[in-house]
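In: What would the 3D arrangement of this be:
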Amino acid sequence: MSSQPALLNDSNDAIDDAAVPFVVRLHLIRHGETEANVNEIVLGQGDSPLTDDGLALAVRASQSDNFTRGFWRYYCSDLKRAHRSAKLVLGMEDVGGNELNSNVDLTVDARLREVAKGAREGLPKSFSLEEALAARK
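Out: Alright, predicted model coming up:
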């Protein structure tokens with residue numbers, strides 16, 4: 001007999017262990033603070049380097065219990081800010097950019113990029129859409 005409580009279906013009947021669906025737990029983290037964040041620049045698919053605070057936050061996240069127990073898969077976008085943050089969080093490199101011994105398999109995928117911000121991308125957050133369009137002409 002299992003020591004775990006029985007799972008229940010919609011009618012509160014116990015579900016046979018063999019019928020339990022595969023469960024996926026997804027942990028999402030955001031990249032660390034970037035120069036564009038500090039300068040209040042709209043950033044979508046453009047890239048910006050991490051600040052010292054952004055690097056420190058990624059290192060701090062690496063010390064969380066959520067990332068020390070290991071996961072089945074690791075993914076990040078191909079934007080440098082996300083890739084660098086992921087490598088720091090997973091202990092694949094240090095703040096100086098030196099590669100560390102790691103058996104983590106990180107998949108980098110452009111499909112995970114942030115949504116592009118159109119005409120406002122790369123411009124100050126204070127610009128309206130009309131101002132951004134005018135600046136692009």
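In: Only C-alpha atoms from now on, for both contacts and neighbour counts.
Out: Noted.
In: So in this structure, where's the weakest helix or strand by average pLDDT?
Out: helix 65-68 (a mean of 69; mean pLDDT, DSSP states H and E).
In: Skip ahead from it and say which helix or strand is next.
Out: Counting by DSSP states H and E, the next helix or strand C-terminal to helix 65-68 is strand 74-76.
In: avg pLDDT for the helix or strand where Leu88 lies?
Out: Using DSSP H and E, Leu88 falls within helix 80-89. The average pLDDT for helix 80-89 rounds to 95.
In: elements contacting it?
Out: Here helix 80-89 touches helix 52-62, strand 74-76, going by 3 or more CA pairs under 8 Å, 6 or more residues apart in numbering; DSSP states H and E.
In: Quick check: mean pLDDT of the helix or strand that it is followed by?
Out: Later in the chain than helix 80-89, the nearest helix or strand by DSSP H and E is strand 106-108. The pLDDT scores in strand 106-108 average 94.
In: Let me know the next secondary structure element after strand 106-108.
Out: helix 129-136.
In: Can you give the distance of stretch 106-123 from its chain's centre?
Out: Distance, stretch centre to chain centre, for stretch 106-123: 12 Å (CA atoms, centre = their mean, to the nearest Å).
In: what does stretch 80-98 give?
Out: 12 Å.
In: and what of stretch 79-88?
Out: 8 Å.
In: ok, now stretch 66-85?
Out: 6 Å.
In: Where does pLDDT dip in the chain?
Out: Applying pLDDT under 70 to the chain picks out residues 1-20, 67-69.
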